[in-house]
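Trainee: No sequence on hand, only this structure:
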């Protein structure tokens, strides 16, 4: 009960900070929009190749784009935490009776909300290009993005606690995220990949999320890959939240 | 000390409080067994150079760092066993402050109040009250980034006071402030004390410890080296100094005064005498009488007290001003 109330308070506070500069919401979605406008048209001809999954170029590409947004959008959230640590904000909050877990959950919820708004913008922009999706599918995809965002934001915060320096945080998190992203078939489906690459990708949990996203956009909501993808992301998100909440509890300075 | 006495109104009581950090060069004893007792309604100061263990002690008492050893009771709650209870009763203002720069002072205060369990209306009322008392109403709705140093510092203190704690920790409350804001802050601390709040502060400013603290502990290398009121501490060093300028016959006066019981030590340079006495207030009339009786003419008379720096020097062999740099 207290965890819920505190998380809600923390969420509102950080949402307030975000909405003070709503431009950041738009800037965050610029990159995927550029992919949509400048890269996706290339796929139109490739989509006719053998091995390309069915459903049309945009229904294959946009799910990957959304997952990329979820991953990269949340990867950088630890940045703001580093300066808060420096200015004593976190320390001040830790002296209050607030639930320590709420300090993480509330702000990660804000990050997820930001991602969901950005995802909706992206989906809306993709509709005129021939993307088709039902409301049920859209909700399911948003749930998947929310889990990915929750996981990645938690990892980002935990890393910010460990590093406490913007200079090492940025290269580390983005360098670590890129191979995970590439090995998940985000840009092009892995059905086009050589066998070894497909094997490596199978070990990458994120590729299950991408498969789930594509199945949903193909209107195969009952496909087992949907349950697998969402289930795997839910478990990883729970682990990441637990680890990051510990950082908020133990932060030494 | 009888148990009943120990349980009386001490706001903070520590026994053998310790903290060891591991650095690359090996373990560093940041706090090496601190025993102290802070009474209710006093301003208690921790004076020492940077790195003496002041902040580490404060952070342990404020539940931010688990103690490495020892026991402590803070605001009536056991520090190790009831940290959550301690948190509801104390306010803590770190050296860095703690207000977010991208939020208005008012919303920070309201958020702070809500974290202490206040409802929306109560938090708003209390925030307005706090802004009023700290004279921040005028900048209340601007983002903190635009505040002056003094305004920012007052807001930090306001955040620590939102829930009316019985005990307020202030870590270097005036570091980086201009003299005017510093004087303002001292008034604020005194007002808090007069309103019944116990204040525990750290400082490396001698004048601040002297002017503001009812009692203080001098800390160096993680150990308390002296504890008492500023006056007691200074008296412990060498008493007061009385300087006499005589019209002549300095040698005769030295012989007369140097033989008195209340003079610990006496020195002469020409017709100027320096007398080290326990208490100048009582020594000065006696000196006047003695000189008068002996028919020796006095031209000037001045008294001075040893500063806290003399105390630090006496206890550690270093000047605080040197140790700080």
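Mentor: Yep, it's here. Quantities reported herein were computed from a predicted structural model and do not represent experimental measurements.

Trainee: Show me which helix or strand of the chain is least confident by mean pLDDT.
Mentor: No chain was given, so I picked chain A. helix A:40-46 (a mean of 84; mean pLDDT, DSSP states H and E).

Trainee: model confidence over the helix or strand following it, on average?
Mentor: Using DSSP states H and E, the helix or strand that follows helix A:40-46 in sequence is helix A:57-75. Averaged across helix A:57-75, the pLDDT comes to 92.

Trainee: do stretch B:277-288 as well
Mentor: 86.

Trainee: and it, which residues are buried?
Mentor: The neighbour-count check on stretch B:277-288 (16 or more other CB atoms under 10 Å in any protein chain shown) flags B:277, B:280, B:283, B:284, B:287 as buried. (Each C-beta comes from the backbone N, C-alpha and C, glycine too.)

Trainee: OK, contacts around residue A:246?
Mentor: With contact set as CB atoms under 8 Å, 6 or more residues apart in numbering or on different chains, residue A:246 has no partners.

Trainee: Within range of chain B, give me the residues from chain A.
Mentor: Contact residues, chain A versus chain B (CB under 8 Å from any CB of the partner chain): A:6, A:9, A:13, A:16-17, A:20, A:84, A:86-89, A:91-98, A:252.

Trainee: Cross those residues against helices and list the overlap.
Mentor: A:6, A:9, A:13, A:16-17, A:20, A:84, A:86, A:89, A:91-95 (DSSP state H).

Trainee: I'd say residue B:163 and residue B:113 touch.
Mentor: Yes: taking CB atoms under 8 Å as the definition, residue B:163 is a contact partner of residue B:113 at 6.9 Å.

Trainee: Closest one of the buried residues of stretch B:277-288 to residue A:67?
Mentor: residue B:280 (79.6 Å; CB to CB).

Trainee: how much space is there between the closest one and residue B:239?
Mentor: Residue B:280 sits 8 Å away from residue B:239, going by CB to CB, to the nearest Å.

Trainee: Pull the contacting residues for the residue minimising distance to the centre of chain A.
Mentor: The residue lying closest to the centre of chain A (CA atoms, centre = their mean) is residue A:70, at 2.1 Å. Contacts of residue A:70 were listed using CB under 8 Å, 6+ apart, and they are A:115, A:119, A:145, A:148, A:149, A:152.

Trainee: Assign the second one to helix, strand or coil.
Mentor: It refers to residue A:119. helix (DSSP: H, G, I helix; E, B strand; the rest coil).

Trainee: what's the neighbour count on it?
Mentor: Residues lying near residue A:119 (other CB atoms under 10 Å in any protein chain shown) number 26.

Trainee: Now the residue nearest to residue A:2 when sequence neighbours are not counted: phi and psi?
Mentor: With sequence-adjacent residues excluded and distances taken as CB to CB, 6 or more residues apart in numbering or on different chains, residue A:2 is closest to residue A:99, at 5.7 Å. Dihedral angles of residue A:99 (phi, psi; degrees, to the nearest 10) stand at phi -60, psi 130.

Trainee: I figured residue A:99 hits residue A:8, correct?
Mentor: No: using CB under 8 Å, residue A:99 is not in contact with residue A:8; the gap is 11.0 Å.

Trainee: So between these two, which is more surrounded?
Mentor: residue A:99 (22 against 15).

Trainee: returning to what we had before: could you list which of the contacts of residue A:70 belong to helices?
Mentor: Per DSSP H, helices hold the following members of those: A:115, A:119, A:145, A:148, A:149, A:152.

Trainee: what's the nearest residue to the last one if we skip its chain neighbours?
Mentor: Counting by CB to CB, 6+ apart, residue A:74 is the residue found nearest to residue A:152 once chain neighbours are left out, at 3.7 Å.

Trainee: sorry, back to before: turn the ones in helices among the contacts of residue A:70 into a markdown table, columns for distance to residue B:197 and pLDDT.
Mentor: Below are the ones in helices among the contacts of residue A:70 laid out as a markdown table (distance: CB to CB, whole Å; pLDDT from 0 to 100):
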| residue | distance to residue B:197 | pLDDT |
| --- | --- | --- |
| A:115 | 44 | 96 |
| A:119 | 49 | 96 |
| A:145 | 49 | 97 |
| A:148 | 48 | 97 |
| A:149 | 43 | 97 |
| A:152 | 44 | 97 |
